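# below is the sequence, then the predicted model.
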Amino acid sequence: MTEQQYQAAIRSLEDEVKELRGFRARTTAFIHDPAHDALTRTALAAHLGLPAPRQENQPHGQ
């Protein structure tokens, strides 16, 4: 592999890692957003091996 091919491969891998980090950040934000259904968020987190959503404070009497 030439130096140019090596550098192109590294750039491609760095771009892919950047994209995957962004995906994980957006997914984590969804999982921890209480505006979405708690069961869905919990199942998604479990399926992807990510931390479970934070527990929301329930109003008293519920």
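Noted; the coordinates are in hand.
# other SSEs contacting the one helix or strand Q7 maps to?
Under the criterion DSSP states H and E, the helix or strand holding Q7 is helix 3-31. If contacts are counted by 3 or more CB pairs under 8 Å, 6 or more residues apart in numbering; DSSP states H and E, helix 3-31 sits against helix 38-48. C-betas here are computed from N, CA, C, even on glycine.
# show me how far stretch 6-17 is from its chain's centre.
21 Å (CA atoms, centre = their mean, to the nearest Å).
# residues contacting it, please?
Residues from elsewhere that reach stretch 6-17 (CB atoms under 8 Å, 6 or more residues apart in numbering): M1.
# next, the buried residues of that stretch.
Across stretch 6-17, burial judged by 16 or more other CB atoms under 10 Å covers no residue at all.
# what sits against the residue nearest in space to the middle of the chain?
Compute the mean C-alpha point of the chain, and by CA atoms, centre = their mean the closest residue is R24, 2.2 Å away. For R24, the contacting residues are L50, by CB under 8 Å, 6+ apart.
# repeat that for 10 Å
Each residue near R24 by CB atoms under 10 Å, 6 or more residues apart in numbering is listed here: 48, 50.
# cool, P53 as well?
Shown in contact with P53 (CB under 10 Å, 6+ apart): 28, 30-34, 36, 38-42, 44-45.
# where does it land in three-state SS?
coil (DSSP: H, G, I helix; E, B strand; the rest coil).
# can you give me the distance of the nearest residue to it once chain neighbours are set aside to A25?
Distances taken as CB to CB, 6 or more residues apart in numbering place R41 nearest to P53, at 4.5 Å, with adjacent residues excluded. Using CB to CB, to the nearest Å, we find R41 at a distance of 15 Å from A25.
# please identify which of those two sits among more neighbours.
Comparing R41 with A25 by other CB atoms under 10 Å, the one with more neighbours is R41, at 19 against 10.
# which residues touch the more buried one?
Contacts of R41 were listed using CB under 10 Å, 6+ apart, and they are 30-35, 52-54.
# one more time with 8 Å
Residues in contact with R41 (CB under 8 Å, 6+ apart) are 30-33, 53.
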